[in-house]
Structures are given as structure tokens and as C-alpha cells.
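Visitor: structure of the sequence below:
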Amino acid sequence: MVSCPPTPSFLSREKRSTILCLLLVLLILAFYNPVVHNGFTNMDDDAYITGNVHVQAGLTWTTVKWAFTSFDAANWHPATWLSHALDCQLFNLNPVGHHYVNVLMHGVNAILLFLLLESATGLTWPSLMVAALFALHPVNVESVAWASERKNVLSMLLFLLTLHAYGWYVRKGGVKRYAVVAGLFAVGLMAKSEIITLPFVLLLWDYWPLDRMAGGAVLGSVLSSPLSVLRKRHTEELPGAAAPVARSFSFLLFEKVPLLALSAGSAVMTLLAQSAGGAVHTTSTPGRFGNAIVAYVRYLGEAFWPVRLAAYYPHPGLLLPTWEIVTSATVLLVSTAFVLHWRSHRYLMVGWLWFLGTLVPVIGLVQVGAAAMADRYAYLPFIGLFICVVWGSAELARERRMRAAWLGLPAVLVLLTLGTLSYRQIAYWRDSVTLWKHALDLTERNYIAHWALGSALAEKDQSEDAIAEFDAAESLHNYAALDRVAIAAYKRNHGHVQAAIEEYGRALEVSPDSKTRAIILSRLASAYMQTGDFDHAKASCASGLEENPNNASALVDSGLLAERNGDFELATEQFSHAMKVAPTDVGYLLLGYSLRRAGRSPDAQEAYADAQRMSRDFVQAQQSAAQLLAAAGVKGE
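Guide: As a prediction, the model looks like this:
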């Protein structure tokens, strides 16, 4: 967006670059400072940080072994786990430290991007503008302000370092330098597998700006100078640097084979992890491809009009209208045709294919999770769009002989606008309630947001509002049986017992197996007892034991009901069976009470002794046993 003004004689290239790097950091710190007010959210922060005992243990040998062998959170990314573990070692669970490390990494990424483009093209001001757009664009807030999305900023850091190392290898050659490229890429893949497209990006980088690809026309102009002239001028300022040697496409492709092998290995590990974690969804092929086409255009919209950014965009499935898919496909085809028409301007081809290609792993062709798209997925791809816009604007300004000021002022206004939007967007990540209310304001039929908001409200003891959100989520999605059991338990524990009974009934309708049905029926029996409906409670217990004779909860409830009816022999039999299956201090106390009522005092004393021996809080166990007896209408001891 800015042309290339002459370099002031009183500033060397190194000093100018250093000052501009500091300016990038200051901009990021100024606009991202609100993260100091943000806490953790229930959007994976529990899985990655607040509820992860391995990460909270810090950088121990046990944590290192776990990080490299774990498929937790449906991912294999040991470098990310170790990064979080280091944060916990340094900051414990103070969210400010975790957030600010993300901000600092984002700042380093912006600097690396600026230096990368400047070193590859010889142009300072367009390179700075691309880096500034990357630094301040609000679509990147999700990657930075979300603590557990460390994997994005960390993998980007390693991605950019790999590109720097590749430039070093291209200039000087050598197996050792190539090994550095491969090593950095391997570590980057261990942070997040999304960067598996790096070999593809390197081929684009060979085409422009490195101009290593033989057989094609050299870029006609980049801000008035042929690329070879720019490179010559640039390398004169960098002692020891050499212009890259042109190679055939087959050579350049063969050169990337070791990196492609790393990508393939990472892809296999990712699919194994996501399959093990149940993250791969079986969406229909038309639904996946239709959503992918529309998502590409929606990302383009976010790039140029980033004002309705949400934490979660629900997948439409087959609900997308045909006209929207056709219109989106037309936009993509026309954009591609435009780039092909102006293919002599190589930055357009490189930027556009960078955008299209780096989105492929996350565009939903293999549906992971239930989201249609995500802002964090644009962290890497948008760099391609920024290159197209900035280099295109700068070249247009040169052709029309516009003064730098005519581009400088609009560029500053654009950056200030983006920074302001980012500043506002960061506030939505302050806490879980704010985050999910904002998502619901911007999206429709968002059952994930309703569920997450309900969970956040439940943590704040706002039970009535939480139940309303859970009900809203259920109205939009067919939840699994055990999810419905969790909702029912919450309703029951907060005084909505009849609603809980209805919820258990719905859970039974979608229950997949006998074991699950036994769990639901035992919970249902407890709920019936709570309402005083002992006949239905007894029937539910009997049905639960038919499904699974070893269900400890159903056995205990059956024993309580038998004791209520004065059948102490059956009660002791059921309690004894339950203690063989799942011994607890409360269960042994109930067995002891039943044995005493059956006139078997020595056996009762032995049961009491077992209860005391295994109990961590005997007084609490006695209180719990008394509550269970009271719920069954049995007078305790």
C-alpha cells in the first residue's frame, strides 16, 4: 500500500530495519494490552491448562514423556504441550503470563515476517505494511487472545523461521543448512500440523520472490525495477549473499521430498489423534464441499471487512442454499481468472495460491469438529492476501506516479482502524460468558455456544440461566445419551427434579448400549426417589439391573428400596453385591446399617470397620449415607 521512498542517508539499512521492528512491537503491545484483563475461558483452556495436571506440573521428565506420547485434546503436538508447561512453571495459573507470552510471540512473528519479505524482495515499505496488517488484523485476535491457541502462534514462529532458514540455504546451499530447514519444520509440525503446507509454500517462494524457477518469464516489474536488479542491489548490501540459481521445476519439487515426507508423517499422526479423540465428524460429501467453497469466500470477506468475528461458526451441513454455493464458486473462479490474466505479476499468483493452499488442511474437506470455519485458521493464509493487496497497491501507485504521502495516510488510517477493531475484539475474550454471548449475538442455531454459555453460567452458580442455555442447545442438536445425563444431573441438583426425569427419558431414547442404559436407569431411579415416586423408582432399578446386573448405583438404590420395604435380607444382598463391584465408604455404611437391622451385628461391625478404613472423611460419609436413607424414606442410625 506504500511506495518505496528513498532511504535517508543518515540511516543504514540495519538501523532502519531495527527501528521498524521496534515500531511493530510497540503497535502490538499498544493494541493488545487489554489481554492483561482477560482470564481463561472454557473454550479448551481447561483441557490445555487449567484442568491439565501434566501441564501444571511444569517441565518435568514425566511431562516431556507424556507430551510426546499423548493424543489428549485430539491432537499430537508435543511442542505446544511443553510450551504450556513452561508457562505454568513460570506463571502457575496466572492468566496474564500465559496471555502475554502469546502476545510477545505474535510480535516476534510480525518482525520475522517483515524481515523475511524485506530480505527476499529488497523492499522495506511494502514488507513493513504486510507485517503491520498481519500484526493488527482483528481476525488474528483469536490466535493471540485465546490462551490455549498457543499452538497457532508457536507454529507460525517456527514456520517463519523455516522460511528464513530456507532463504539461507538457497543463498549458500549445503546439506547442513537444509537439515536446519527440515529440523525447524519438524518442530513446527510438533506445535501444530496446520503448517503441513510449507513445502507447497516453498515452491511458491521459489517462483516469487526468490525467482529460482527456470523456464518462466521473470517478473516484469516490482515497483519499477526488474527483480534481478532489486536482488542485485539488495545483495550488495548483504555481504556473503548470492543470487539464487534458477532450477527446473522437477529439481525444486524433488528438493522438497524430505519436507513432504515430514508433512505426510504429521498428517498421519494428526488423523490418528483426531480419530482417537472422536474429533472427525461424518459430514456428507456435498455438505463438506459446499461449505468449503462458501468458507473460502467468507474468509475473503473477513479479510476486507472484519466486523462480525465470533468464537464459533456452526457448520450448516446441507442447509446452505445452492445460490450461495454457486455465487461463492463464481467469486473464486473470477478471482483465479484475474490472477492468471495478470500472471506476469508473480506476487499476485503467489499470494492467491498461498491463501488457497494453506487453507486446504482446515477448510473442512476432512471435517474435524463441528465448525464451518474459524478465525484462527486464517492466521497463516491471510499473509498471501496481504501480499497481493500491498504489492498490487504499491505497483499501481508507481505506475500512476503517486507520491508516498498519498498512500502513507490511507495506510496509517487502515492500520489504526484494524488496531481499534482488534482492541475491541480482545475484550470479547475477557471471560467465557462474554465470549459466548457475543458468539450468540452474531450467529444462528449455534448449539455449541449455547452449551458453552450454559457451562460458564453454571460455574457462576446462575443455575436458572444455565438451564435455559442447556435447553436451547438441546433444541438445536441431538446430544448423546451421556451428555443428556449430565444435563439431567445439573437440573436435578438445582431443584428441577421433574425436568431431570424427563431428560433421563430422552437420554434413554438415544442410549446406544446396555451399559449406558443401566447408568441412566439407575440415575432415573434416584430421581424418582427424590420425588417420592417409589414405585417408578423400583421399576427403574429392576430395569437397570436387567441391563447390567453389576451396576453399582442400581444395586445401592435397589438395596435402599428393599430396606424401605423391610426386606433387610434383600437389602444386605444388594449392598454386598455393590461393594464387590465398586466399594465405597458410603456403601459399606449402608451395608452396615442393613446388617444391623437384619440382626447381624458382628457383620455390621465389620462393614463399619471397612467404611472407616477406606474413608478419607468419615463424618462426610456418614452424612451422605443418612441423606440416601432419608431420600428412600428410611430412618437412619
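
Visitor: show me the contacts for residue 342.
Guide: By C-beta atoms under 8 Å, 6 or more residues apart in numbering, the residues touching residue 342 are residue 348. Where you see a C-beta, it was placed from the backbone N, CA and C, and this is true even at glycine.

Visitor: now do the phi/psi pair for it.
Guide: Note on residue 342: backbone dihedrals following degrees, to the nearest 10 are phi -100, psi 30.

Visitor: per-residue confidence for it?
Guide: We have a pLDDT of 94 for residue 342.

Visitor: quick one: it from residue 432, how far?
Guide: 46 Å (C-beta to C-beta, to the nearest Å).

Visitor: again with residue 54
Guide: Computed as C-beta to C-beta, the residue 54 to residue 432 distance reads 23 Å.

Visitor: the more surrounded of these two?
Guide: Counted by other C-beta atoms under 10 Å, residue 54 and residue 432 do not tie: residue 432 has more neighbours, with 22 against 19.

Visitor: state the distance from the more buried one to residue 201.
Guide: On the measure of C-beta to C-beta, residue 432 and residue 201 end up 35 Å apart.

Visitor: what of residue 608?
Guide: Separation of residue 608 from residue 201 (C-beta to C-beta) stands at 70 Å.

Visitor: ok, those two, which is more surrounded?
Guide: Set residue 608 next to residue 201 and count neighbours by other C-beta under 10 Å: residue 201 wins out with 22 against 18.

Visitor: so the more buried one sits against residue 356, correct?
Guide: No: assessed by C-beta atoms under 8 Å, residue 201 is found out of contact with residue 356, at 11.6 Å.

Visitor: quick one: contacts for residue 634?
Guide: Each residue near residue 634 by C-beta under 8 Å, 6+ apart is listed here: 560, 563, 564.

Visitor: and the chain, what are its domain boundaries?
Guide: Domain ranges of the chain: 13-427, 554-637, per automatic domain parsing.

Visitor: which one of those domains lies closest to residue 436?
Guide: Closest approach to residue 436 among the domains of the chain (C-beta to C-beta): domain 13-427, 7.0 Å.

Visitor: and the closest one, how far from the chain's centre?
Guide: A distance of 15 Å separates the centroid of the chain from that of domain 13-427, by C-alpha atoms, centre = their mean, to the nearest Å.

Visitor: just the endpoints, please. Distance across it?
Guide: End-to-end distance of domain 13-427 (C-alpha to C-alpha, to the nearest Å): 38 Å.

Visitor: and stretch 526-544, which residues are buried?
Guide: 526-530, 533-534, 537-538, 540-541, 543-544 (16 or more other C-beta atoms under 10 Å).

Visitor: reformat those residues as TSV; add pLDDT.
Guide: Shown next, in TSV, are the buried residues of stretch 526-544 (pLDDT from 0 to 100):
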residue	pLDDT
526	91
527	93
528	93
529	91
530	89
533	93
534	92
537	92
538	92
540	94
541	92
543	94
544	92
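
Visitor: how close does the residue nearest the centre of the chain sit to residue 101?
Guide: In the chain, the centroid-proximal residue (C-alpha atoms, centre = their mean) is residue 149; its distance is 5.6 Å. Relative to residue 101, residue 149 is positioned 12 Å away (C-beta to C-beta).

Visitor: any idea which helix or strand comes after the lowest-mean-pLDDT helix or strand in the chain?
Guide: When each helix and strand of the chain is scored by mean pLDDT, DSSP states H and E, helix 227-236 comes last, with a mean of 45. As assigned by DSSP states H and E, the chain's next helix or strand after helix 227-236 is helix 249-255.

Visitor: CA atoms only for that following helix - export them in PDB, please.
Guide: C-alpha atoms of helix 249-255 as PDB (Å, rounded to 0.1, in the frame of the first residue of the first chain):
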ATOM      1  CA  PHE A 249      10.500 -27.400 -11.500                       C
ATOM      2  CA  SER A 250      11.300 -31.100 -11.200                       C
ATOM      3  CA  PHE A 251      14.500 -30.300  -9.300                       C
ATOM      4  CA  LEU A 252      12.700 -27.900  -7.000                       C
ATOM      5  CA  LEU A 253      10.000 -30.500  -6.400                       C
ATOM      6  CA  PHE A 254      12.500 -33.300  -5.700                       C
ATOM      7  CA  GLU A 255      14.300 -30.900  -3.300                       C
END
